[in-house]
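Colleague: got a sequence here, can you model it:
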Amino acid sequence: MFALKIITANGNEIIHEAQDPIFHQASNTITYQGHEKLSNSVTLGSGLTSAGGDVAYLMSDSGSTLATWRYKAPERLGSSLQPMEC
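Modeller: Below is the predicted model:
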């Protein structure tokens, strides 16, 4: 089991218990199994300041950071939306 720690663009901290997390970059969504094996998802937001959007950290039981996922604004390519390159 992992901890999914989300720091929102306005500074709030949200922590979820997560198993098998997957980051879907195109939609800025993280899907995972939470408490009692229920499926859940969290969508990272863009934020309203120049500081950027939400950031999610995948944490191990010992507290080390295993992954960092950041909101990426989609860009329009033709008729579809795609995430922007860093």
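Colleague: strands along the protein, start to end?
Modeller: Per DSSP state E, the chain carries strands over the ranges 2-7, 13-24, 29-33, 39-43, 55-59, 65-70, 74-77, 80-83.
Colleague: restrict the longest one to CA atoms and write it as PDB.
Modeller: Meaning strand 13-24. Extracted C-alpha coordinates of strand 13-24, given in PDB (Å, rounded to 0.1, in the frame of the first residue of the first chain):
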ATOM      1  CA  GLU A  13      -2.700  18.800   1.300                       C
ATOM      2  CA  ILE A  14      -4.800  15.700   0.600                       C
ATOM      3  CA  ILE A  15      -3.600  12.200   1.400                       C
ATOM      4  CA  HIS A  16      -5.200   9.000   0.100                       C
ATOM      5  CA  GLU A  17      -4.300   5.400   0.800                       C
ATOM      6  CA  ALA A  18      -3.500   3.900  -2.700                       C
ATOM      7  CA  GLN A  19      -2.700   0.600  -4.200                       C
ATOM      8  CA  ASP A  20      -1.800   0.100  -7.900                       C
ATOM      9  CA  PRO A  21      -1.800   3.800  -8.800                       C
ATOM     10  CA  ILE A  22      -1.600   4.700 -12.500                       C
ATOM     11  CA  PHE A  23      -1.100   8.300 -13.800                       C
ATOM     12  CA  HIS A  24      -3.000   9.100 -17.100                       C
END
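Colleague: buried residues in it, which are they?
Modeller: For strand 13-24, a neighbour-count test (16 or more other Cβ atoms under 10 Å) marks His16, Ala18, Pro21, Phe23 as buried. C-beta: built from backbone N, CA, C; applies to glycine.
Colleague: for the last one, which non-adjacent residue is spatially closest?
Modeller: Setting aside the residues directly before and after it, Phe23 is nearest to Trp69 in space (Cβ to Cβ, 6 or more residues apart in numbering), at 4.7 Å.
Colleague: next, count neighbours for the one you found.
Modeller: Trp69 is flanked by 21 other residues according to other Cβ atoms under 10 Å.
Colleague: identify the bridge partners of the residue nearest the centre of the chain.
Modeller: Most central in the chain under Cα atoms, centre = their mean is Ala56, positioned 4.4 Å from the mean C-alpha point. Going by DSSP bridges, Ala56 is paired in beta bridges with Ile6, Trp69.
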